[in-house]
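> quick check, what structure comes out for this input:
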Amino acid sequence: MGKQRNLYRNHEWINFSEKVKARDGHKCLRCGRRPPQVVLQVHHEFYTPRKNPWEYALSDCLTLCKGCHAKEHGVIEPDSGWTLLSIDDLGSRTGTCERRGCGTDIQYEHLTYHPKRGYMVVGSTCIQHLTKKDRMLSANLIKIYRNVSAFAHQSTWEKGITKKRKPYIYATYNHHKIRIYGQEPYHAFQLHLKNKGERRYTFGEIYQIKNRSTLEAKELAYIALKGVLSTDTEEQDQLRNLYRELITSP
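Numbering: from 1, shown residues only. The predicted model follows:
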């Protein structure tokens, strides 16, 4: 336990977590609050055995306040993410609401389920609270993070070499390709765009990336490609802002 605690005091973790918070505008992505109103923490969407907390892709992590982070791990009863399974009329107020802090006698039992908390029976008032959508949730942005993370970890990268004998790695996304040149800590990436059914690629500009890991280079290149391909104005703005935050972070 002490060793685990020391990991989160490591300067590499402190630097990594600051990058995540800066990317998210120093606010909780669940409730939208900022310091000094809340304490911000970095939440990992998943964990890999024997991997240090700073060795993940930035897109694997979200900025949450201390309270929302606790709810994410089930320490505090979550107030969203519940699914209503059934409603039973007991005929009289002989049931009890199981929601923490309630305990009210109820007639209508609402059976709910949460993937991190399991089953719970609540009354008519509490069910409205548990199943409401969090209006402050940056759903589109979180979806983008998860897509970036999936591409960075799950895409197949192959080796290639240019006519000038310059080595690179590349991956395919739909009909397009991403090339990444160089090695840590200096990279560059180039997008190769192609319309479906065509044989030739349109080679884009080469973008330099300094002081970034190969994993970060993959993230940035994918974000750039998605920004080029997107036809949604709001998504384009989010991708553009995300790229800017990542490329300018120390």
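
> all contacts plus neighbour counts: C-alpha atoms, from now on.
Fine.

> so, low pLDDT: which residues of the chain?
When residues are selected by pLDDT under 70, those of the chain lie in 1-6, 74-76, 79, 101, 115, 129-139.

> what helix or strand is the residue most central in space within the chain on?
In the chain, the residue lying closest to the centroid (CA atoms, centre = their mean) is Tyr145, at 4.0 Å. Using DSSP states H and E, Tyr145 falls within helix 139-154.

> for that helix, packing partners?
Using 3 or more CA pairs under 8 Å, 6 or more residues apart in numbering; DSSP states H and E as the contact definition, the elements that helix 139-154 packs against are helix 214-229.

> after the helix it packs on, next one along is what?
Next helix or strand after helix 214-229 toward the C-terminus (DSSP H and E): helix 233-248.

> run the chain-centre distance for that following helix.
Taking CA atoms, centre = their mean, to the nearest Å, the mean C-alpha location of helix 233-248 is offset from the chain mean by 14 Å.

> ok, and for it, which residues are buried?
Under the neighbour-count criterion of 16 or more other CA atoms under 10 Å, helix 233-248 has 235-236, 238-240, 242-243, 245-247 buried.

> closest to Asn211 out of those?
If you rank those by distance to Asn211 using CA to CA, Ile247 comes first, at 9.7 Å.

> and the closest one, how far from Gln238?
Relative to Gln238, Ile247 is positioned 14 Å away (criterion: CA to CA, to the nearest Å).

> quick check, Pro208 in a strand?
Slight slip there: residue 208 is Gln, not Pro. Yes. Looking at Gln208 with DSSP: H, G, I helix; E, B strand; the rest coil, it is inside a strand.

> would you confirm that it contacts Pro185?
No. The criterion here is CA atoms under 8 Å, and Gln208 misses it with Pro185 at 11.1 Å.

> please enumerate the helices of the protein.
Secondary structure of the chain by DSSP state H: the helices cover 2-7, 11-23, 66-72, 124-130, 139-154, 214-229, 233-248.

> so of the ones you listed, which one's packed in deepest?
Here the criterion is mean neighbour count by mean count of other CA atoms under 10 Å, and of the helices of the chain the winner is helix 214-229, at a mean of 21.

> now it, how far from the chain's geometric center?
Taking CA atoms, centre = their mean, one finds the center of helix 214-229 at 15 Å from the center of the full chain.

> same check on stretch 174-181?
Taking CA atoms, centre = their mean, one finds stretch 174-181 lying 23 Å from the centre of the chain it belongs to.

> now swap in stretch 96-104 and tell me
Averaged over its C-alpha atoms, stretch 96-104 has a centre that lies 33 Å from its chain's centre (CA atoms, centre = their mean).

> buried residues in it?
96-99, 104.

> still on that earlier bit, touching, the residue nearest to the centre of the chain and Ser59? I think so.
Yes. At 4.7 Å, Tyr145 and Ser59 qualify as touching, with contact defined as CA under 8 Å.

> so who does the residue lying closest to Ile127 once chain neighbours are set aside touch?
Using CA to CA, 6 or more residues apart in numbering and skipping residues adjacent in sequence, the residue nearest Ile127 is His110, 7.0 Å away. In this structure, His110 makes contact with 84-88, 121-124, 127, judged by CA atoms under 8 Å, 6 or more residues apart in numbering.

> one more time with 6 Å
For His110, the contacting residues are 86-87, 121-123, taking CA atoms under 6 Å, 6 or more residues apart in numbering as the criterion.

> if you rank those residues by neighbours, which is first?
When the contacts of His110 are compared by neighbour count (other CA atoms under 10 Å), Val122 ends up highest, at 28 neighbours.
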